[in-house]
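Chemist: whatever this is, show me its structure:
(2 chains)
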Amino acid sequence: MVEPSLIRAAREGDREALITLLREIETHVYRTAFYLVGNEQDAMDAAQEALIRIYTKIGSYEEKAQFKTWVQRIVTNICIDKFRRNKPTVSIEEHEMVFEGRESVEGEVMANYAAKDIRDAIDRLPEHHRAVVVLRYLQDFSYNEIADSLDLPLNTVKSYLFRARQQLQVLLRDYQKGGVRG
Amino acid sequence: MNCQEVMEYMQRELDGDLGEIESAKLLEHIRHCADCAAMYERLKRLSAELENLPKVTPPFSLVDAILPKLDEIDRANAAAAGADAGAAGPAGASGSVPANGALPRRRISRFNLRMLGGVVAAGIAAGIFLVTYNQDRLNGDLLNLGMESASSGSSAMSSSASSASSAKPMLTMDSSRILESADQSGPLLEKSLNFGSADDAAAGGQAADSASGGTAGQSLPTGDGVQEGAGPGDAPGSASAAPGAGEPRMSPPDLLQGSGDAVGVAEWEEAAPDRLGNEPMMSIAGFVDEPPAEPIESVSPDGAWIAAFEDSRLIIRDREGNTWFEGEERAGAVAALGWSDDGTHFRYELRREDGTSEVWRVDPVSGKETREDTETQAQP
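Modeler: Okay, here's the model as predicted:
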């Protein structure tokens, strides 16, 4: 949580405060970028661009918005606009409500998904679904905060998140079965 | 409660969004529905895995990595403020606006955008005048130099202003026609800068850079004969007293150097729209305005200091406007100036009419100035 007084000082033109502020948020900015663009190099580029944009646009930040959602909006926009990759994503509609029988569950419950598999699966989500998941799990944002960050209606956020989780669950189950891999 | 509804409950439960009653309903359903129980298990596990995703951190400090760029942005903004003051005339106290005052900055840069077209046109016009002047008075070598600068100015124009084609063949035209075309391209350029995208604006900045380089370059062969006391134009091509790429690029001599050097131009292309025109404006303003000393102003990288030349003396103020250093009155034109990267001292080079120069280093906190050129290291 960033000190409100620091934000205020930064907004009022205190350069040192602004730099301190950037240092406090750089990890959060990078983390979102990393999971959105899927690799370190692009994440560094996107995060740096986001920090520069925050530096130059701090005067346009209005205190009625939460600072952290304002920051995440900037970084997600950059990642989605500029680092759009041509990787195939799965259609989120493909797997509606797949219920499995008990037998397939028991084998899985014991095993943990490999972190790599989860990252691959996140990578295959459509951009906005991915962004919702990243904000929910990497930034610990509430539905409302995600909605503010992505400029989406609350219901859309929920439906994206729910669908994304269903999707991930299916993808990961496929991975575990040694099935299709991205 | 059907399984679809339960699905939503499960999802919301993962986010801590269920009330007690809803939670109880969910559990009740799961107790009796194996499919939903299995699904819930998988979702819970997935959610836990997502929560445990590595909290990656950048391999090195991103802020440190972008600091040079931020300094550059500040300098551009400071130059914008300085140019604003220059354009506003002697009363331009607004030149001391700190670099990060975001609201005033926006206004200033718009203001400069509007000014830019006219200034570029004026610069070209002045350049053309000098070219023709040279034709009459100077030998071929000098003329070539001038023409090179002029043509670089015109080709840069064509990259951003749609009317620049009319300005392009200017070297073959007589000077009155050229003035005319420059005048025409002015307003159009202004338009494209005002309404264009950021990319357009960056290109415009480059055009302005080249144009101003051209303008200043013109004064090389003619020297004081044409624009007497036009500070920025007086000592072209001199080595900047401020070494290194990290130095402020706002001084007119820096621009002079930049005009002939590809790296300088590339930096301009990268620059944010905010900086366009502002720096070039300074040199052109110095060239065109009658009181040439007025617009020379330089803000330290940390925004704490503003150095300004007023009545041939250097004055350094803090951002509240308190004067910390007031130098002696010295004859000569300021050929180079800049702050150290850490903002602790200011350096400038003074070029006298007899061709000699001196470099001064000033520490505003102690109020000391030191002569730094090769002749002497002594205190004044």
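
Chemist: just give the number of residues close to the residue nearest to B:D17 when sequence neighbours are not counted.
Modeler: Distances taken as CB to CB, 6 or more residues apart in numbering or on different chains put A:Y143 closest to B:D17, at 7.3 Å, once the chain neighbours are dropped. Any C-beta I mention is one placed from the backbone N, CA and C, and that applies to glycine too. A total of 18 residues lie near A:Y143 under the criterion other CB atoms under 10 Å in any protein chain shown.

Chemist: same question, A:E63
Modeler: 11.

Chemist: that one: what's it in contact with?
Modeler: A:E63 makes contact with A:7-8, A:11, according to CB atoms under 8 Å, 6 or more residues apart in numbering or on different chains.

Chemist: give me the pLDDT for it.
Modeler: At A:E63 the predicted local confidence, pLDDT, stands at 82.

Chemist: which strand or helix spans it?
Modeler: Using DSSP states H and E, A:E63 sits within no helix or strand.

Chemist: for chain B, see how far away it is.
Modeler: Applying CB to the nearest CB, to the nearest Å, one obtains 14 Å for the distance of A:E63 from chain B.

Chemist: packing partners of the helix or strand containing A:R119?
Modeler: Element membership for A:R119 (DSSP H and E) is helix A:115-123. Helix A:115-123 sits against helix A:127-137, helix A:154-176, helix B:34-51, with contacts defined as 3 or more CB pairs under 8 Å, 6 or more residues apart in numbering or on different chains; DSSP states H and E.

Chemist: which elements pack onto the second one?
Modeler: Taking 3+ CB pairs under 8 Å, 6+ apart as the contact definition, the neighbouring helices and strands of helix A:154-176 are helix A:102-110, helix A:115-123, helix A:127-137, helix A:143-150, helix B:3-14, helix B:34-51.

Chemist: which phi and psi does B:W360 have?
Modeler: Dihedral angles phi and psi of B:W360 (degrees, to the nearest 10) take the values phi -120, psi 140.

Chemist: any idea how far it lies from B:E328?
Modeler: Summarising the geometry, the distance separating B:W360 from B:E328, computed by CB to CB, to the nearest Å, is 10 Å.

Chemist: return the most buried member of the helices and strands packed on helix A:115-123.
Modeler: Among the helices and strands packed on helix A:115-123, helix A:127-137 has the highest mean neighbour count (mean count of other CB atoms under 10 Å in any protein chain shown), at a mean of 24.

Chemist: quick check: domain ranges of the chain?
Modeler: Using chain A. If the domains of chain A are taken from automatic domain parsing, they occupy A:4-82, A:102-176, with pieces of a single domain joined by a plus sign.

Chemist: wait, chain B
Modeler: The record's domain split for chain B, according to automatic domain parsing, is B:3-51, B:66-291.

Chemist: can you give me the mean pLDDT across the last one?
Modeler: When pLDDT is averaged along domain B:66-291, the result is 47.

Chemist: and the residue of chain A found nearest chain B, how many neighbours?
Modeler: Relative to chain B, the nearest point of chain A is A:G59 (1.9 Å; CB to the nearest CB). Other residues near A:G59 come to 17 when the count uses other CB under 10 Å.

Chemist: again with the one 10 residues further on
Modeler: The tally of other residues near A:T69 (other CB under 10 Å) stands at 21.

Chemist: contacts only, for it.
Modeler: By CB under 8 Å, 6+ apart, the contact set of A:T69 is A:141, A:145, A:148-149.

Chemist: widest-spaced pair of these?
Modeler: A:F141 and A:D148 (8.7 Å; CB to CB).

Chemist: what about the residue nearest to the spatial centre of chain A, distance to A:A33?
Modeler: In chain A, the C-alpha closest to the average C-alpha coordinate belongs to A:V134, at a distance of 2.6 Å (CA atoms, centre = their mean). A:V134 sits 9 Å away from A:A33, taking CB to CB as the criterion.

Chemist: also B:R351?
Modeler: Taken as CB to CB, the spacing of B:R351 relative to A:A33 amounts to 49 Å.

Chemist: which of those two has more neighbours?
Modeler: Neighbours were tallied for B:R351 and for A:A33 using other CB under 10 Å; the higher tally belongs to A:A33 (30 against 20).

Chemist: ok now the helix or strand hosting the more buried one, how far from the chain's centre?
Modeler: When elements are assigned from DSSP H and E, A:A33 belongs to helix A:15-37. A distance of 14 Å separates the centroid of the chain from that of helix A:15-37, by CA atoms, centre = their mean, to the nearest Å.

Chemist: for it, buried residues please.
Modeler: A:15, A:17-22, A:25-37 (16 or more other CB atoms under 10 Å in any protein chain shown).

Chemist: so where's chain A shaky on pLDDT?
Modeler: Within chain A, the stretches falling below the threshold (pLDDT under 70) are A:83-113, A:178-182.

Chemist: dump the C-alpha coordinates for the helix holding A:A33 into CSV.
Modeler: Only the C-alpha atoms of helix A:15-37 are listed here, as CSV (Å, rounded to 0.1, in the frame of the first residue of the first chain):
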residue,chain,number,x,y,z
ARG,A,15,10.3,14.7,-8.3
GLU,A,16,11.9,12.8,-5.5
ALA,A,17,8.6,11.6,-4.2
LEU,A,18,7.6,10.6,-7.7
ILE,A,19,10.8,8.5,-8.1
THR,A,20,10.2,6.9,-4.7
LEU,A,21,6.7,6.1,-5.7
LEU,A,22,7.9,4.5,-8.9
ARG,A,23,10.3,2.4,-6.9
GLU,A,24,7.5,1.2,-4.7
ILE,A,25,5.3,0.1,-7.5
GLU,A,26,7.9,-1.2,-10.0
THR,A,27,7.6,-4.8,-8.8
HIS,A,28,3.8,-4.7,-9.1
VAL,A,29,4.0,-3.2,-12.5
TYR,A,30,6.6,-5.8,-13.6
ARG,A,31,4.6,-8.7,-12.2
THR,A,32,1.5,-7.9,-14.1
ALA,A,33,3.5,-7.3,-17.3
PHE,A,34,5.3,-10.6,-16.8
TYR,A,35,2.2,-12.7,-16.6
LEU,A,36,0.5,-10.7,-19.4
VAL,A,37,3.2,-10.8,-22.0
